[in-house]
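J.: Just the structure for this:
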Amino acid sequence: MHKDLKLILGAPQVVTEAMQMAFVDTEGTSTPLEASFEFNPTDPYAVSILFHGEPVPVRWTFARDLLVEGFYEPTGDGDVHVWPCLSSTGNAVVILELNSPSGEVLIQVSSRPISAFIQRMLASVPQGAEADLVDFDSELAELFRS
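T.: Numbers count the residues shown, from 1 in each chain. As a prediction, this is how the structure comes out:
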């Protein structure tokens with residue numbers, strides 16, 4: 001990490017935010033889900049959702065830019081799509097569509113906790129500062145060693 005960034009940021013911290021989400025089925029019925037968003041500065045380009053469920057928790061990791069951009073406008077290609085929306089009761093929500101070989105799921109979460117998480121994440125590592133936290137030479141050397 002560049003020493004200037006470290007002085008500005010201090011030591012970037014892991015940011016987590018537990019929140020209530022809802023699985024939305026094809027009929028539009030929602031089922032509550034307990035989950036947490038996590039941002040770890042050791043992987044500054046990514047964000048994860050940990051779904052706390054049975055039989056084991058499930059973690060989805062995707063580009064943090066998808067979450068930031070998807071808060072304001074539809075975004076995403078491939079396995080993850082994110083967009084702002086209104087719930088059936090007229091509340092602001094963010095929809096996450098997660099696709100895998102075993103199927104797809106729509107997750108709805110209130111915009112307020114997502115906004116709080118995004119603000120804390122960007123305070124920890126501002127957009128554009130991610131590269132300052134990655135030693136690309138070491139990462140590349142590690143890839144060639146494998």
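J.: What's the local residue count around residue 20?
T.: Neighbour count for residue 20, taken as other Cβ atoms under 10 Å: 11. For every residue, glycine as well, the C-beta is placed using N, CA and C.
J.: How about it, nearest residue that isn't a chain neighbour?
T.: Distances taken as Cβ to Cβ, 6 or more residues apart in numbering place residue 32 nearest to residue 20, at 6.1 Å, with adjacent residues excluded.
J.: Would you mind giving both backbone torsions of residue 15?
T.: Main-chain torsions, residue 15, degrees, to the nearest 10: phi -120, psi 120.
J.: and the longest helix along the chain, what other elements does it pack with?
T.: For the chain, the longest helix by residue count, based on DSSP state H, is helix 111-124. With contacts taken as 3 or more Cβ pairs under 8 Å, 6 or more residues apart in numbering; DSSP states H and E, helix 111-124 sits against strand 15-24, strand 30-39, helix 64-70, strand 92-100.
J.: quick one, it and strand 30-39 angle?
T.: Inter-element angle recorded for helix 111-124 and strand 30-39: 10 degrees (by axes from the mean of the first three to the mean of the last three Cα atoms, to 10 degrees).
J.: got a list of contacts for helix 111-124?
T.: By Cβ atoms under 8 Å, 6 or more residues apart in numbering, the residues outside helix 111-124 that reach it are 9, 12-13, 15, 17, 19, 37, 39, 41, 47, 64, 67-68, 71, 84, 91-94.
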